[in-house]
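Colleague: Sequence first, predicted model second:
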Amino acid sequence: MKLGAFSISLSVRDLAASRSFYEKLGFGVFAGSPEQRYLIMKNGDALVGLFQGMFEGNILTFNPGWDQQAQKVPDFDDVREINRRVKLAGIATLQETLKETGGPGSFVMQDPDGNTILIDQHV
């Protein structure tokens with residue numbers, strides 16, 4: 001399966017403190033804003049999302065249809081196809097926001113250790 005761009009989404013207590021920490025590691029703001037309570041930080045191809053008060057725990061995030069620069073790629077597996085294949089493999093989903101046709105959509109699952117995985121297509 002082509003899962004697309006990978007990032008980790010961190011639930012942070014203090015967005016400014018987390019931003020400062022990751023900037024010291026060479027990350028810069030790629031998207032988001034403090035007013036929206038989230039920042040996407042980028043260092044090379046590494047992406048770390050910082051989210052204050054939006055969800056509990058940390059989430060592994062994959063974005064079908066995007067590369068690491070959030071640019072649309074011409075050849076990708078649609079989120080609905082990935083969802084179908086995940087279910088055929090016997091993996092339960094926890095939440096789904098999928099239209100019957102193409103376009104944006106997402107679903108959530110957990111790995112055997114309870115780590116949350118979000119498949120989130122924006123295109």
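Modeller: Now that the structure is in, tell me what you want to look at.
Colleague: Just the CA trace of stretch 55-67, in CSV.
Modeller: Extracted as CSV, the C-alpha positions of stretch 55-67 are listed here (Å, rounded to 0.1, in the frame of the first residue of the first chain):
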residue,chain,number,x,y,z
PHE,A,55,-6.5,15.0,21.1
GLU,A,56,-5.0,12.7,23.7
GLY,A,57,-1.9,10.7,23.1
ASN,A,58,0.3,10.7,20.0
ILE,A,59,-0.7,9.6,16.6
LEU,A,60,1.2,8.2,13.6
THR,A,61,-0.1,10.0,10.6
PHE,A,62,0.0,9.0,6.9
ASN,A,63,-1.3,11.2,4.1
PRO,A,64,-2.2,9.3,0.9
GLY,A,65,-1.7,11.5,-2.1
TRP,A,66,0.9,13.8,-0.6
ASP,A,67,4.6,13.8,-0.6
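Colleague: Could you report the separation of the most centrally placed residue in the chain from Lys24?
Modeller: With distances taken as CA atoms, centre = their mean, the residue of the chain nearest its centroid is Thr61 (2.8 Å). Separation of Thr61 from Lys24 (CB to CB, to the nearest Å): 23 Å. Glycine gets a C-beta too; all of them are placed from N, C-alpha and C.
Colleague: And Leu39, by the same measure?
Modeller: The value you get for Leu39 to Lys24, if CB to CB is used, is 14 Å.
Colleague: All the helices of the chain, residue numbers only.
Modeller: 15-24, 79-88 (DSSP state H).
Colleague: Specify the stretch among those helices that is closest to Met54.
Modeller: Among the helices of the chain, helix 15-24 comes nearest to Met54, with 10.3 Å by CB to CB.
Colleague: what does the closest one contact?
Modeller: By CB atoms under 8 Å, 6 or more residues apart in numbering, the residues outside helix 15-24 that reach it are 10, 12, 29, 34, 37-39, 41, 43, 48, 50, 52.
Colleague: Nothing else from me, thank you.
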